[in-house]
Each structure stands twice: as C-alpha cells, then as structure tokens.
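Undergrad: Provide a 3D model corresponding to the input given below.
(one chain, ligands or ions: 1)
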Amino acid sequence: MRSKLSCCWMLVVVCLAAGSGLVAQEEPIAEPTEPMTEMAVAEERTVLSEPFDVDAEVEAYLSRQTPEEKARSDAYFEGGYWLQLWGFLYAVGVAWLLLGTGLSARMRDLAERIVRWRPLQTALYAIGYVLLATVLFFPFTVYQGFFREHKYDLATQTFSGWLRDWAVELGVSAVLFAIFFMALYGVFRKLPRTWWLWGAVVAVVFLVFVLLIGPVYIDPLFNTYTALEDPAVKDPILSQARSNGIAVDNVYQFDASRQTTRVSANVSGFLGTMAIRLNDNLLNRCSLAEIQAVMAHEIGHYVLNHVYEMIIVFGIVLVVAFAFVRWSFDWLRGRWGENWGVAGIGDVAGMPLLVALLAVYFFVMTPVMNTIIRVNEAEADLFALHASGEPDGFAEVALKLGEYRKLDPGPVEEWVFYDHPSGRSRIHMAMTWKAEHLEE
Ligand SMILES: [Zn+2]
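TA: Prediction:
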C-alpha cells in the first residue's frame, strides 16, 4: 500500500512539474520592469484613456516579484510538497516501529500495572505515546520548523526560543491527547458495534473543544495578544466590522514577529471566544488599504459562518475517516495483530495503528481537504473586495504572501496543494472586481 501511494504521489508531482512547465511556456513571465506605483498606473490610463486590461494588470503585479524572489519562494513552497510526503511516511514508520517491536504492547502492560482504573490507563498510555512519537519525530520537526525556516529567512527565533515553544507544544499536546483518547477508547469499549460512528462524534466534540479553549488558553502560551490601540488603524477596522453586522469593540494584535516574518491574520475561536486577530508583521509592513483588505477577508469568514460550516464538513470527513478505520483496522489486525499484541480496537496498544490509518486517510484526502478550505477562502476573498473596496490593497497583500506561498502555480498544483487561492488567482479576482468598479 505504501509503495502504491508513493507511486501515485510521484505521478502527481511529475504531472505538476510538466503542467507548470507548459503554463510557463504559454505565458512567459514579463520582463521585470520598474515597479510603477498604483497612482502612476491609474494616471497613465486616464491620460491615454485605455480600457482596463485585467490580464495585463495581473501580469504587472506578478512581474514585481524579481526572478530571485520567485525562485526562492517557489523552492520553499514546492519543498513543502515533499515534506508532506516525507512526514507522512515518517509517521507510518514510527507506528510500524512501535507495533512491530512490541513496544506498544509493553507500554500498555506497564500502564496497566501502574494504575487500575481503565480510563487512566488509556491516559497514561496516550501521554507515553505522544512523548515517544514526538521525540522520534524531533529530527524531522527541527529541520522543518527551525533550520528550513531560517534558511529561507522566514524565522526570527533563536534555537533556545524555538525549543521552548516546541516543549510547551509537547506538554499541551500530551494533555489534550490524553483527554481525547480517554473519551475515544471509552466509546470504543462501550459500543462494540457503532464505535466508529461515535468515535467520529467524539472527534468532532474534541475539535469544538479545542476551538473554544484555543484562543483563551493555548495561543497566549506562544504569543502576547493585546487590543489594537492605534485609532488610525483601529477606527476604520471597527467601522468596517460594524457596517457588516459585527458588534465588536476590539480587534487584537499579536507579536508573531517573535517567531516569523510572515504577514498574516486570523479569525479564531468559537461562540464566545471568537475574535479577529492581526499579526504585528501585517501592521508594521502594510498600508491601511492593505490592512483593511485583510480585515475584510477575516470579517468575511465571520459573517459567512465559516467556522460552523467547517465543523459540519469536517464532521462528515471524520465519519468517513472512522468508517475507513473500522474496515482497515480489523483487516490489518487479522494479519499482524498477534505479532503486535493488539487485541482489538478497544486495546490502547493499537493506538499507533489507529493514528497511522488516520494519517493514511488524511494524506490521500489532501486535495479534498485543501479544496474544501480553499473554496471558503475564495468566498472570504470576494467578500473582502466588496466590503473593503480595496482591490489594489488586496492585490498588494497577495503579492506579499508570495514571499512564502508560490505565486503562480499550475492549475492542478493549486487544486492539490493550496489551502488558499494562489497569488495569481487572488490578484486576478481583485483586478476583475476592479474592472467592474472603475467608476467608483
Ligand atoms: Zn482566510
């Protein structure tokens, strides 16, 4: 199965490489010209009374990324495709190691000797498993999260700062997964026939729980969140929020520059903990028009109820995931279960197998998950253009995001790997909108 999967993967990557080559031939990247200011472009057009050419405007934006910047950003983002594959194979390898060596069964026996209450045995096993798996994953994590980020000048942290964040994350994961697996294995043992359906329900409840507590209890462990003070930025943003039916009196900023140079913002939380938050790189590096475009995108997620929609959609995806586990777990256990010392789905010693099967499912589902999210992101983009009326601010930000997200992928590549529309798609959407609103 593994070799079949990697074959599929190779095929996809090869097709993508061929595809983007074709696109590059059809649309040669324009010779880099002197970047023209937005005003100059507009004035020139008025003088010559040329019609607004959407495609030319898009190319003008894209050509502002120098060949060196493009090569760097493309290499960073395309390397990420391979990291997804290696990370997946590594995860399957770790599961194989824990099961094949009988280590997982021994950890279960140890947990059973230490405590008598079964849910506590599960929690103990889960904590041991998370610690062990995280340590085994460390070489991969440190390369991806620290060395590679520094190589591309995207990271701002020292190694000790990074290690501190890594350790805190490990602690949080151990606690959260212990809670999650206690509930999950409780269901697995109590409901021998419908465990897979109720397992999905537990997973959705857990997702909602993390969404609820994340902004209040987890995020502040990594960054400092403060109310946005500067009235020049805050007032127009709050006005925009009010005019879109959101009665908030605060927007938050956080010190993302502690970890990264990336520009970003998010809507996070659920019910009472939902909030719009901008990172300080965005505030420091972007004009008001750009900030307003980003804010309008985040307001779009809020107004369009994307958080609730995502919970429902992920719920369906999780039901299918557990149905897949139900089918494959017993099949694999029938073949190797005796060597592994795994008695059934209710036996915690099978946790690495459960996790590996979910990893297989979500790996195969990568394009589907990315497309589900990307469609929502495109909706928020369109909302942003309407609400902010800042197509050029929007395009400028899309260009800035091109520092770490390949700006101009092939269509299949975008479909498979992009969880947000590409820079080209976003700039094209903005210029199309602008073409229809020139009078305003
Ligand atoms: Zn978004």
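
Undergrad: Show me which residues of this structure sit near the ion.
TA: Glu377, Ala380 (C-beta under 5 Å from the ion). Where you see a C-beta, it was placed from the backbone N, CA and C, and this is true even at glycine.

Undergrad: lowest-confidence helix or strand of the chain?
TA: Ranking every helix and strand in the chain by mean pLDDT, DSSP states H and E puts helix 2-26 at the bottom, with a mean of 32.

Undergrad: for the stretch 51-200 of the chain, what spans make up the helices?
TA: Here the stretch 51-200 of the chain has its helices, by DSSP state H, counting those that start in this stretch, at 54-62, 67-100, 103-114, 118-142, 148-151, 159-190, 195-213.

Undergrad: Just put the ones you listed in TSV and tack on distance to Gly389 and mean pLDDT.
TA: As requested, the helices of the stretch 51-200 of the chain are exported to TSV (distance: least, C-beta to C-beta, whole Å; pLDDT from 0 to 100):
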stretch	distance to Gly389	mean pLDDT
helix 54-62	17	95
helix 67-100	29	94
helix 103-114	57	95
helix 118-142	43	94
helix 148-151	35	93
helix 159-190	38	95
helix 195-213	31	94
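
Undergrad: and Leu353, which of those helices is closest to it?
TA: helix 67-100 (6.1 Å; C-beta to C-beta).

Undergrad: Report the buried residues of the closest one.
TA: Buried residues in helix 67-100, counted by 16 or more other C-beta atoms under 10 Å: 70, 72-74, 76-78, 80-81, 85, 87-92, 94-96, 98-99.

Undergrad: What residue, apart from its backbone neighbours, is nearest Ala289 spatially?
TA: Nearest non-adjacent residue to Ala289, counting by C-beta to C-beta, 6 or more residues apart in numbering: Gly393, 3.2 Å away.

Undergrad: actually Ala359, sorry about that
TA: Counting by C-beta to C-beta, 6+ apart, the residue nearest Ala359 is Ala91, at 4.8 Å.

Undergrad: Go ahead and confirm the one you found touches Leu357.
TA: No. Look at Ala91 against Leu357 with C-beta atoms under 8 Å: they stay out of range, at 10.8 Å.

Undergrad: so where's the stretch 251-400 of the chain shaky on pLDDT?
TA: In the predicted model, the stretch 251-400 of the chain carries pLDDT under 70 at residues 269-271.

Undergrad: Next up, the contacts around the residue in the stretch 51-200 of the chain that the ion sits nearest to.
TA: The minimum distance from the stretch 51-200 of the chain to the ion, using C-beta to the ion, falls at Phe77 (17.6 Å). Phe77 makes contact with Tyr404, Arg405, Lys406, according to C-beta atoms under 8 Å, 6 or more residues apart in numbering.

Undergrad: in which helix or strand would I find the second one?
TA: Taking DSSP states H and E as the criterion, Arg405 maps to no regular element, lying outside all helices and strands.

Undergrad: ok, now which ones touch it?
TA: Here Arg405 is in contact with Ser73, Phe77, Tyr418, His420, Ser422, Gly423 (C-beta under 8 Å, 6+ apart).

Undergrad: Pick the one among these closest to His386.
TA: His420 (18.5 Å).

Undergrad: Tell me how many other residues surround the closest residue to the closest one other than its chain neighbours.
TA: Leaving aside its sequence neighbours, His420 sits nearest to Glu377 (C-beta to C-beta, 6+ apart; 4.6 Å). Neighbourhood size, Glu377 [other C-beta atoms under 10 Å]: 20.

Undergrad: With just CA atoms, put whatever helix or strand Glu377 lives in into PDB.
TA: Using DSSP H and E, Glu377 sits in helix 366-388. Coordinates of each C-alpha in helix 366-388 appear next as PDB, following Å, rounded to 0.1, in the frame of the first residue of the first chain:
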ATOM      1  CA  THR A 366      -5.100  16.200   1.000                       C
ATOM      2  CA  PRO A 367      -6.500  17.600  -2.300                       C
ATOM      3  CA  VAL A 368     -10.100  17.300  -1.000                       C
ATOM      4  CA  MET A 369      -9.300  19.000   2.300                       C
ATOM      5  CA  ASN A 370      -7.300  21.700   0.600                       C
ATOM      6  CA  THR A 371     -10.100  22.300  -1.800                       C
ATOM      7  CA  ILE A 372     -12.800  22.500   0.900                       C
ATOM      8  CA  ILE A 373     -10.800  25.100   2.700                       C
ATOM      9  CA  ARG A 374      -9.700  27.000  -0.400                       C
ATOM     10  CA  VAL A 375     -13.300  27.400  -1.600                       C
ATOM     11  CA  ASN A 376     -14.100  29.100   1.700                       C
ATOM     12  CA  GLU A 377     -11.000  31.200   1.400                       C
ATOM     13  CA  ALA A 378     -12.100  32.400  -2.100                       C
ATOM     14  CA  GLU A 379     -15.500  33.200  -0.700                       C
ATOM     15  CA  ALA A 380     -13.900  35.400   2.000                       C
ATOM     16  CA  ASP A 381     -11.700  37.000  -0.700                       C
ATOM     17  CA  LEU A 382     -14.700  38.000  -2.700                       C
ATOM     18  CA  PHE A 383     -16.400  39.300   0.500                       C
ATOM     19  CA  ALA A 384     -13.200  41.300   1.200                       C
ATOM     20  CA  LEU A 385     -13.300  43.000  -2.100                       C
ATOM     21  CA  HIS A 386     -16.900  44.100  -1.700                       C
ATOM     22  CA  ALA A 387     -16.600  45.100   1.900                       C
ATOM     23  CA  SER A 388     -13.300  47.000   1.700                       C
END
